[in-house]
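In: no sequence on this one, just coordinates:
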Ligand SMILES: Cc1ncc(COP(=O)(O)O)c(C=O)c1O
């Protein structure tokens, strides 16, 4: 009998303890979590302070209907508004994960357009390379081929713009015309579907695991948002992976100096101590939906008091220990060491990213940027070998675009962990190179 997970996987391990930046197997093997789980954990594992507030809240306020206020909810809302959210995003809707929060964002965009008398504006544009979650709608509209397999006949189709991908720009790698090319594509897609039919563009400001820390050409997002505004199309930023300091900014939209109409964040919001995520919007959007008398329905476990208490405690730790301020220098050191060690490596096409979200793209042919065959499952081999060496790396890519290793360690790592990550990657990539040469 297969005990766990639902389908067998190569990586099955039993983890019996997690502490700081490390996981420990049943056999006592120590693994550095260079992935922060699923790029979730920012403050390190096993903090008693967070566990205490979870316990207290579970006893004090076990379950309270989501629309009611509780002290745990109130404190989290204050924390978010006073210290984290861009000031124009005043309205907060809480859910339990990134997919749910993205679904809420899409519903809000559609309801907003309907509430202002534009029900025909109902297309949600997404990007060719993207991941927004695992519900049916998010699976359908994401640009992630591997996670749609076997369901293509059922899923809603994605209406996409091209994801700016400087390394693989059709004009040529890092072509100076890349920004113009991708902005033209946005304009063409809007023209194709008709602005009058489009509610919003849903995008990750920086690709998470779908592409591994892909940044668009400089200045792309500011101009892209102008085009959206001219066409009366909302901008929805999925910061599920990038939110709460991951790229060195509270949210990556701040880095680009853009103002999304709706923003989503999850993962780092609770560092994995509880299941919680948020959909944040402007007053204008929320009031319009409210005035029309529409409902923004909650999930039963949304805003569970213990989850709010956990998130509030995590966010306070991030501030008190100034952990977000450490992300930029730590990330720069990690990236520099990776570049020194691997830039010339024949299998490494690019080392990219900012802060503690870094992607390393692996290819068979560095010159022509040709990937290994999908059947070789190079990423899986890298992750397995990394684990053997005592480092958990995160797999990236969509199947179509593949063999990307993501790094997203907790913000508490130090020099020792940085060296271990770099040395392990060198060992693992040398191993792959010897095997395929
Ligand atoms: C950018 C992004 N959006 C959405 C999701 C989905 O979040 P969840 O798995 O919590 O539903 C993820 C998860 O990896 C993500 O990285």
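Out: Thanks, I have the structure now. The structure presented is a predicted model; accordingly, all values stated were derived computationally and were not measured.

In: just the helices in this protein please.
Out: Counting by DSSP state H, the chain has helices at residues 36-39, 48-60, 71-83, 98-115, 136-141, 178-193, 220-230, 252-256, 283-291, 305-320, 323-342, 378-388, 415-436.

In: Which one of the ones you listed lies nearest to the ligand?
Out: In terms of C-beta to the nearest ligand atom, the element of the helices of the chain nearest to the ligand is helix 98-115, at 2.2 Å. No exception for glycine: its C-beta is placed from N, CA and C like everyone else's.

In: How about the closest one and the ligand, touching?
Out: Yes. Helix 98-115 reaches the ligand (C-beta under 6 Å from any ligand atom) through 98-99, 102.

In: show me what contacts the residue nearest to residue 413 when sequence neighbours are not counted?
Out: Once flanking residues are discounted, residue 413 sits nearest to residue 21: 5.3 Å by C-beta to C-beta, 6 or more residues apart in numbering. Going by C-beta atoms under 8 Å, 6 or more residues apart in numbering, residue 21 touches 32-33, 44-45, 409-410, 412-413, 417.

In: any idea how far residue 21 lies from residue 409?
Out: Residue 21 is 6 Å from residue 409, where distance means C-beta to C-beta, to the nearest Å.

In: same thing with residue 66?
Out: According to C-beta to C-beta, residue 66 stands 33 Å off from residue 409.

In: more crowded one of those two?
Out: Neighbours of residue 66 and residue 409, each counted by other C-beta atoms under 10 Å, are more numerous for residue 409; the result is 28 against 18.

In: okay, and the common contacts of residue 21 and residue 409?
Out: Joint contacts of residue 21 and residue 409 (C-beta under 8 Å, 6+ apart) are 32-33, 417.

In: among those, who's most crowded?
Out: Greatest neighbour count in the shared contacts of residue 21 and residue 409, by other C-beta under 10 Å, goes to residue 33: 25 neighbours.

In: what mean pLDDT does stretch 371-379 have?
Out: Mean pLDDT, stretch 371-379: 96.

In: just stretch 221-241 next, same as before
Out: Across stretch 221-241, the average pLDDT comes to 98.

In: And stretch 157-173, by the same measure?
Out: 98.

In: and the end-to-end length of that stretch?
Out: For stretch 157-173, the first-to-last residue distance is 29 Å (C-alpha to C-alpha, to the nearest Å).

In: how far out from the middle of the chain is that stretch?
Out: Going by C-alpha atoms, centre = their mean, to the nearest Å, the spacing between the C-alpha centre of stretch 157-173 and its chain's C-alpha centre is 18 Å.
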